[in-house]
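Novice: predicted model, plus sequence, below.
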Amino acid sequence: MSHTISTRAKQVDRRPMTFMESLYIPAILKGLRITLGHIFKKKATINYPEVQRPFSSTFRGLHILNRDEEGRERCTACGLCALSCPAEAITMESAERKPGEEMLYREEKYAANYEINMLRCIFCGLCEEACPKDAIYLTQTFAPSNFDRKGFIYKKDDLLIPFPAETTQKIETK
Amino acid sequence: MFLLSLSLSLVIEKVILISVILGGSLGIAMYSTWAERKVAAVMQDRRGPNRAGPFGLFQPLADGLKLFMKEEIIPTLSSKFLFVLGPSLAMLMALMSSAVIPWGPDIVTSNGTISLQVADINIGVLFIFGVVSLGVYGIMLGAWASNNKFSLLSGLRAASQAISYELAMGISLIALVMMTGSLSMREIVDGQHGFWQDGYFSWNFFKQPLGFLIFIVCSFAELNRAPFDMAECESELIGGYHTEFSSMKLGFYLFAEYINMFVSSVILSSLFFGGYNYPGMDWVALHVPPILFSLIGVGVLLGKAIGFILFFMFIRWTLPRFRYDQLMNLGWKSLIPLALVNMLITGAVILWLNK
Amino acid sequence: MDIQQLVFWTISLIMIGCAIGVIMSRNPIKSVLFLIMTFFTISAHYVMMNAQFLAIVNIIVYAGAIMVLFLFVIMLMNLNADTEPQKNTLVQFAGVISGGVLLLVFIAALKSSFAGIENQNINLQQASDIGLIKNLGQMLFTKYVFPFEIACVLFLSAMVGAVVLGKKEKELGQTSEL
């Protein structure tokens, strides 16, 4: 007999049609009843731009680079995120903090460049897990579409959350 | 010899009537495309077109514009004249059969009567048959001229299907014609006056239920619509006869299908569902002005036709496609004998009633 | 020349042109299309003679069914202009003779029918209504009922013959299996 992988596999019934079946009409009416029923069912579609389906609380979307309470970058360019990334989407270059830049960077070392390739990223969240400084987080948004591949390589400017307003003022007053 | 003495007023009257009918059927065909997508969506728990205008009502205009803007492609090795002739013929034949349909009761004014029928020829039913049988040329020529094997196969399928189902269609109509005693569409419709006459329903549907069933199945086949859309069966033949067509030539083919659907809906309602007749029409005729009475008749006919269009769509989005051998078996081994039996029974009943 | 004659001559010219096209065109598909056009012009002549039934039946049967089958077969056979076989002189000679004889028969038939019109003085009014479906049906089932029935039997026998031809192959296939 047949060797099937799934237990749900069903043998095709190849018996010739009975007289009632060969009339087609009962079967047609049955089909019409089903489609008629579907007219009154709730639509599965969501009117997207007007109505948005909420993400689940564990949704992992676009990354951000976090700042601490004083508005300084938390990232110290240790490279653990890049190391943990299974898709090898993260690259960075580190730089040493100059005197007078304490307002900008929390640690003595910081990321001069920080890039995530959103086409490679699989949004697994391992970078978030790996970060010892709580610097990288995955948010509840996703990468918008783009015309070329370059647009999907997010630079540090795209990832860093904006300066808090008070910090901006402090720097300007200096 | 027939007389070519045409008065100017008659010519103007007919020209206006023809333009209104053509415009109307084009408009209805346009919105049938919208309705088809909406019906399909509703049956599959979707929303359908809803972006262009309120409820997506401008969608047909957008589609038409898109088709106009597309690049016109004529395959190098195709027969160019026939390639263009195919869609034109399809469109022409689709529009032609509306000529013999009585769209409403005559408008009786003090200056004379205005007939709401382009040509009341005494062989109206046969005229429709002739046009339907020619309709397949549009598909066949376009398919052959494409110089594409899939198109050719689809053209052959379309032709054999049309020829096979024409027979059953014709025989089922003979029973109806035997009852009415006329081939004129006007007389067939007038024979179904009102709704209840002489102790029985006057609509032919109640006198010829089997004939109606055969006729409607055959119309599905003649229209090349699901479940009989073998000619454009995309899982086997890519796009069927319009694989090689682009731009407005493709649009003509698609549009011709919808015009055909509208016209055959009108024919179905005229032949079997009383056309412009409705219950209580005699009372209405006494109480409203004649122009309004005629317009109500037109409205009733259009209402029935739209009902049939929705039914065509309903069936299309419910049933899977027939296999080709099933299609031929159904046509030759079931419908034709059934139609013959129906004809014999009708003849016997007519003889028995007249005795 | 009144409008009726104008229409008559126009249709006739188109008809003869298409008929010549049938035999002159080298592509068989074009030939069939010319033939369909010829049928249409013949139908137009029927309409001119107030024989609407004949006109429409001509279109349904010939243009709508038989020519579709012709097209069908020709499309399947994939005939091209260059695959046309070379005909030898004998065949051409036979063709000319048989065509000439056919022409003679046509001319003789036309002549005798003209003679009939002159001699019998047919009532034109009655003659013009004969093509209408009611009169035609009455004639067919009273005066010409015997030829009509004979034609029916002929068609029936043709149909039976087709069925037999179709069945024979199946039986052969079964025997070969045994």
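Specialist: Thanks, I have it.

Novice: point me to the residue of the stretch 101-250 of chain B nearest chain A.
Specialist: residue B:213 (8.3 Å; Cβ to the nearest Cβ). The C-beta positions use only the backbone N, C-alpha and C, and glycine is treated the same way.

Novice: count of neighbours near that residue?
Specialist: Residue B:213 sits with 18 neighbouring residues when counted by other Cβ atoms under 10 Å in any protein chain shown.

Novice: can you check residue B:32 too?
Specialist: 25.

Novice: what does the one 4 residues further on give?
Specialist: One way to gauge burial is a neighbour count; for residue B:36, by other Cβ under 10 Å, it gives 19.

Novice: remind me which helix or strand it belongs to.
Specialist: Residue B:36 is part of helix B:8-43 when elements are defined by DSSP states H and E.

Novice: what comes up buried for the one helix or strand residue C:16 maps to?
Specialist: Assigned by DSSP H and E, residue C:16 belongs to helix C:3-24. In terms of neighbour count (16 or more other Cβ atoms under 10 Å in any protein chain shown), helix C:3-24 has its buried residues at C:8, C:11, C:15, C:18, C:19, C:21, C:22.

Novice: again, but for stretch A:119-135
Specialist: Quick answer for stretch A:119-135 (16+ other Cβ under 10 Å): A:121, A:123, A:126, A:127, A:128, A:130, A:131, A:133, A:135.

Novice: what's the closest of the residues you listed to residue B:83?
Specialist: residue A:121 (50.0 Å; Cβ to Cβ).

Novice: using the three-state scheme, assign that closest one.
Specialist: The local conformation at residue A:121, judged by DSSP: H, G, I helix; E, B strand; the rest coil, is coil.

Novice: wait, doesn't it sit right on residue A:89?
Specialist: Yes: here residue A:121 reaches residue A:89: they are 4.2 Å apart, a contact under Cβ atoms under 8 Å.

Novice: what's the end-to-end length of stretch B:73-86?
Specialist: Terminal residues of stretch B:73-86 lie 14 Å apart, using Cα to Cα, to the nearest Å.

Novice: give the rounded mean pLDDT of that stretch.
Specialist: Mean pLDDT, stretch B:73-86: 82.

Novice: report the buried residues of that stretch.
Specialist: B:74, B:75, B:78, B:79, B:82, B:83, B:84, B:85, B:86.

Novice: surely the fourth one touches residue B:142?
Specialist: Read it as residue B:79. No: using Cβ under 8 Å, residue B:79 makes no contact with residue B:142, being 10.4 Å away.

Novice: which residue ranges of the stretch 1-150 of chain B form helices?
Specialist: Here the stretch 1-150 of chain B has its helices, by DSSP state H, counting those that start in this stretch, at B:8-43, B:59-69, B:80-96, B:124-145, B:149-180.

Novice: got the angle for the second one vs helix B:8-43?
Specialist: When you say that, I think you mean helix B:59-69. 100 degrees (axes from the mean of the first three to the mean of the last three Cα atoms, to 10 degrees).

Novice: how about residues contacting helix B:59-69?
Specialist: B:30-31, B:33-34, B:37, B:49, B:51-53, B:247-248, B:250-251 (Cβ atoms under 8 Å, 6 or more residues apart in numbering or on different chains).

Novice: and that helix, how far out from the chain middle?
Specialist: Here the centre of helix B:59-69 is set off from its chain's centre by 24 Å, with Cα atoms, centre = their mean, to the nearest Å.

Novice: go on, stretch C:88-100?
Specialist: 22 Å.

Novice: which parts of it are buried?
Specialist: In stretch C:88-100, counting by 16+ other Cβ under 10 Å, buried: nothing.

Novice: assign the residue positioned nearest the centre of chain C to helix, strand or coil.
Specialist: What sits nearest the mean C-alpha location of chain C, by Cα atoms, centre = their mean, is residue C:62, with 6.9 Å. What three-state DSSP gives for residue C:62 is helix.

Novice: how far away is it from residue B:165?
Specialist: Distance of residue C:62 to residue B:165, given as Cβ to Cβ, to the nearest Å: 19 Å.

Novice: pLDDT weak spots in chain A?
Specialist: Counting by pLDDT under 70, chain A shows low-confidence ranges at A:1-4, A:164-174.

Novice: and with 80 instead?
Specialist: A:1-10, A:17-23, A:142-143, A:162-174 (pLDDT under 80).

Novice: flag every residue of it that's near chain C.
Specialist: Within chain A, not a single residue sits near chain C (Cβ under 8 Å from any Cβ of the partner chain).

Novice: tell me where chain A has strands.
Specialist: A:63-65, A:90-96, A:109-117, A:136-138, A:153-154 (DSSP state E).

Novice: dump those strands into a markdown table; add mean neighbour count as well.
Specialist: Listed next are those as a markdown table, based on neighbours: other Cβ atoms under 10 Å in any protein chain shown:
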| stretch | mean neighbour count |
| --- | --- |
| strand A:63-65 | 21 |
| strand A:90-96 | 15 |
| strand A:109-117 | 19 |
| strand A:136-138 | 19 |
| strand A:153-154 | 18 |
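
Novice: next, format these as TSV and append distance to residue B:63.
Specialist: Listed next are the strands of chain A as TSV, based on distance: least, Cβ to Cβ, whole Å:
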stretch	distance to residue B:63
strand A:63-65	41
strand A:90-96	46
strand A:109-117	39
strand A:136-138	41
strand A:153-154	38
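
Novice: out of these, flag the one nearest residue B:273.
Specialist: strand A:136-138 (62.9 Å).

Novice: residues contacting that closest one, please?
Specialist: Against strand A:136-138 from outside (Cβ under 8 Å, 6+ apart): A:60-66, A:75, A:81, A:123, A:125, A:127-128.

Novice: and if we set it to 10 Å?
Specialist: Outside strand A:136-138, the residues that touch it by Cβ atoms under 10 Å, 6 or more residues apart in numbering or on different chains are A:58-66, A:74-75, A:80-81, A:90, A:114, A:116, A:121, A:123-125, A:127-131, A:159, A:161.

Novice: need the nearest residue in space to the residue nearest to the centre of chain C, chain neighbours excluded.
Specialist: residue C:39 (4.9 Å; Cβ to Cβ, 6 or more residues apart in numbering or on different chains).

Novice: what about the helix holding residue B:36, near chain C?
Specialist: No: under the criterion of Cβ under 10 Å from any Cβ of the partner chain, chain C is not reached by helix B:8-43; the shortest gap measures 13.4 Å.

Novice: please see if that helix touches chain A.
Specialist: Yes: for helix B:8-43, a contact with chain A is found by Cβ under 10 Å from any Cβ, at B:39, B:40, B:41, B:42, B:43.

Novice: list buried residues within the residues you listed.
Specialist: Buried among these by 16+ other Cβ under 10 Å: B:39, B:41, B:42, B:43.
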